[in-house]
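> dropping the sequence and predicted coords here.
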Amino acid sequence: QVCTQVPYRCYSTPGVGQVQVDMNSETGVATVRLNRPPVNSLNLDVLTELGIALEKLDADRTCRAMVLASAVPGIFSAGLDILEMYQSTPERCVAFWRALQDAWLGLYGSRLVTMAAIEGHSPAGGCLLAMSCDYRVMADGKFQIGLNETRLGIVAPFWFEDVMLNTIGHRETEKALQLGAMYSAQQALSIGLVDKVVPLAEVMPTVQGELKNWLQIPDAARVITKTSMRKQVLDRLRSQKEKDAQFFADFIGRDSVQRSLGAYIASLQKRKS
Ligand SMILES: CCCCCCCCC/C=C/C(=O)SCCNC(=O)CCNC(=O)[C@H](O)C(C)(C)COP(=O)(O)OP(=O)(O)OC[C@H]1O[C@@H](n2cnc3c(N)ncnc32)[C@H](O)[C@@H]1OP(=O)(O)O
């Protein structure tokens, strides 16, 4: 559904879609909010919606920037939906992985200025989304961010690794990935995983302020520069998408990986009781 009120255009019905897009055509800035309570875990549907939303914004010539945020308080995104990887079928796994690849290629390769407003926890796939933006502002306090895959007994794929390498460098990435490290906002700031840390209520105003700097730069020059910086990493996945999807399905289907995921799900539930 599309609402036509100017200057806002909504690509989804507010409060209904799992990926809500508000486009302000006066400023050229779109706000994309993940909206899948309780934790914005990324399943096949959300990833497909996100991929389509990014594609539409990229094609919208009035759009110059996108803020990626959450409609769920306290959570940016809990990462990939673990239930998509646990006791699934190989066919579903491949479809799920393709949707993730496409959403990521759309985000990392976007011509728009992209900013992550991290107003909550951001593990694994959530951290990947944030790192794939051009700039990150995170709320100070109890929230954590990082690629924690090894703690689940799974492995961050090479393109997650590439994005982290390009964000925080080789040494920090080696430690972060092996340990499955989760960082507080202040720790994330100190290693360059986020660009600014502010109180929760200041995250959005800070993002809007920073956007002004980015939007002063002529789009064409900035986009050529961004493409040149990111092309190698994008091409590495583009050239082996099917192989990567098949590898994911095979890896996830292993008994040992399924056992690890089962134990991790149980530990999440136990934490609550
Ligand atoms: C070689 C390469 C080959 C390929 C190898 C494979 C590569 C795969 C790459 C993987 C990337 C990933 O993103 S893997 C995903 C990693 N994500 C995580 O580890 C996040 C785990 N979640 C948490 O830590 C927490 O939930 C957190 C996000 C901080 C929020 O804490 P809260 O206390 O607010 O909420 P909780 O009570 O814990 O969670 C609410 C409910 O949501 C569920 N839940 C939480 N996270 C979930 C998730 N990611 N997927 C599904 N469900 C989730 C909980 O179980 C609860 O379910 P109920 O009990 O039913 O209510």
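Now that the structure is in, tell me what you want to look at.
> show me where pLDDT drops low in this structure?
Within the chain, the stretches with pLDDT under 70 are 1-16.
> flag every residue of the chain that's near the ligand.
Within the chain, the positions near the ligand by Cβ under 6 Å from any ligand atom are 38-39, 41, 74-75, 78-83, 121, 123-125, 148-149, 152, 154-155, 157, 247-248, 251-252, 268-269, 272. Every C-beta, even on glycine, is put in place using the N, C-alpha and C of the backbone.
> hmm, which of the residues you listed are the buried ones?
39, 41, 75, 78-82, 121, 123-125, 148-149, 152, 154, 157, 248, 252 (16 or more other Cβ atoms under 10 Å).
> in helices, which of those appear?
Members of those lying in helices (criterion: DSSP state H): G125, F248, I252.
> measure the first one to G141 for me?
Think G125. As judged by Cβ to Cβ, to the nearest Å, G125 and G141 stand 22 Å apart.
> and the residue most central in space within the chain, how far from L47?
Centroid check for the chain by Cα atoms, centre = their mean gives L129 as the closest residue, at 1.5 Å. Shown here: L129 relative to L47, a distance of 10 Å by Cβ to Cβ.
> tell me the buried residues in stretch 130-140?
Applying 16+ other Cβ under 10 Å to stretch 130-140 flags A130, M131, S132, C133, D134, Y135, R136, V137, M138, A139 as buried.
> do stretch 206-219 as well
For stretch 206-219, by 16+ other Cβ under 10 Å, it's T206, V207, Q208, E210, L211, W214, L215.
> nearest spatial neighbour of S256, skipping sequence neighbours?
G153 (7.4 Å; Cβ to Cβ, 6 or more residues apart in numbering).
> spit out the contact partners of the one you found.
By Cβ atoms under 8 Å, 6 or more residues apart in numbering, the contact list for G153 reads S256, V257, R259, S260, L261, A263, Y264.
> if we can go back for a sec, closest one of the buried residues of stretch 130-140 to E91?
Distance to E91, by Cβ to Cβ, is smallest for S132 among those, at 26.8 Å.
> got the phi/psi numbers for that closest one?
Main-chain torsions, S132, degrees, to the nearest 10: phi -80, psi -10.
> try the one 4 residues further on
Backbone dihedrals for R136, given as degrees, to the nearest 10, come out at phi -130, psi 130.
> repeat for the one 10 residues further on
Backbone geometry at G146, expressed as degrees, to the nearest 10, gives phi 160, psi 170.
> number of residues surrounding it?
25 (other Cβ atoms under 10 Å).
> same deal with D58?
D58 has 16 nearby residues by other Cβ under 10 Å.
> surely it touches L112?
Yes: look at D58 against L112 with Cβ atoms under 8 Å: they come within range, at 6.8 Å.
> chain center to stretch 232-251: distance?
18 Å (Cα atoms, centre = their mean, to the nearest Å).
> cool, and stretch 229-246?
On Cα atoms, centre = their mean, the centre of stretch 229-246 falls 17 Å from the chain's centre.
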